[in-house]
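In: sequence and predicted model, in that order:
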Amino acid sequence: MSYANWLPTVIAELDALGALEANWDSYGALPIDPVSIEYAARLANLLAERKGIREPAVGATPDGHAGLSWDGGSWSLDVDVTPDGLWEYVIFVKGARDIEGSTDDPSIFVAVLTEGIVDEWRQTEVD
C-alpha cells in the first residue's frame, strides 16, 4: 500500500494539536479532544491511500475539534472531526450554494478531492 508523502507531516501537525490548552485562541476555546485528533488521523490515513489527493491544512476549532481543509481555488472543503466519529463538512463552491453535512463515510471527500464532482455541482447551479 502506497501513502501520500504528506501523511507524516499531517500526522505530526495533528499530534501537535494535543498540546493546545484551554483558551488557546484567547477567546475561550476548548482543548482539542484526543479522540477528535485520532479520528482526524484516521481520515488522513484513508485519504492518503488515494492517488491524487493533496495535502490538507490542519487546524482546530474553538469547540475542541481537529479539522482538515483543502483549497481548490474555486472551491474548498472544510472537515470538522468530532469525537463521536462523525466528520462534519462544508464544501464552498464559487458560483454555487455551499454544501453542508455530516458523515462517517469518507467517500464524499474522495469524490470532491479526486473526481471533479465540484465542477458538476457548479454546472447544476448554472442550469
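Out: Now that the structure is in, tell me what you want to look at. Numbering: from 1, shown residues only.
In: residues of stretch 29-45 that come out buried?
Out: 29-30, 32-33, 35-41, 43-44 (16 or more other CB atoms under 10 Å). Just so you know, the C-beta spots here come from the backbone N, C-alpha and C atoms, and that holds for glycine as well.
In: which residues touch stretch 78-87?
Out: With CB atoms under 8 Å, 6 or more residues apart in numbering as the test, stretch 78-87 has contacts from 33, 35-37, 39-40, 43, 56, 61, 64-69, 88-92, 102-104, 106, 109.
In: same question for stretch 61-74.
Out: Outside stretch 61-74, the residues touching it (CB under 8 Å, 6+ apart) are 10, 14, 17, 25, 27-33, 36-37, 39-40, 43-44, 54, 56-60, 76-83, 93-95, 112-113, 118, 122.
In: buried ones in it, by neighbour count?
Out: 61, 64-68, 70.
In: next structured bit after the longest helix along the chain?
Out: Longest helix of the chain, by residue count under DSSP state H: helix 34-48. Downstream of helix 34-48, the next assigned helix or strand under DSSP states H and E is strand 57-60.
In: sheet partners, orientation included, of that following strand?
Out: Sheet pairing for strand 57-60, assigned by DSSP bridges, gives strand 66-71 (antiparallel).
In: and stretch 23-41, how far out from the chain's middle?
Out: 14 Å (CA atoms, centre = their mean, to the nearest Å).
In: now it: average pLDDT?
Out: Average pLDDT, stretch 23-41: 97.
In: by mean pLDDT, flag the weakest helix or strand of this structure.
Out: Ranking every helix and strand in the chain by mean pLDDT, DSSP states H and E puts helix 117-126 at the bottom, with a mean of 49.
In: may I have the predicted confidence score for D78?
Out: Confidence at D78, expressed as pLDDT, is 95.
In: doesn't it belong to a strand?
Out: Yes - counting by DSSP: H, G, I helix; E, B strand; the rest coil, D78 is part of a strand.
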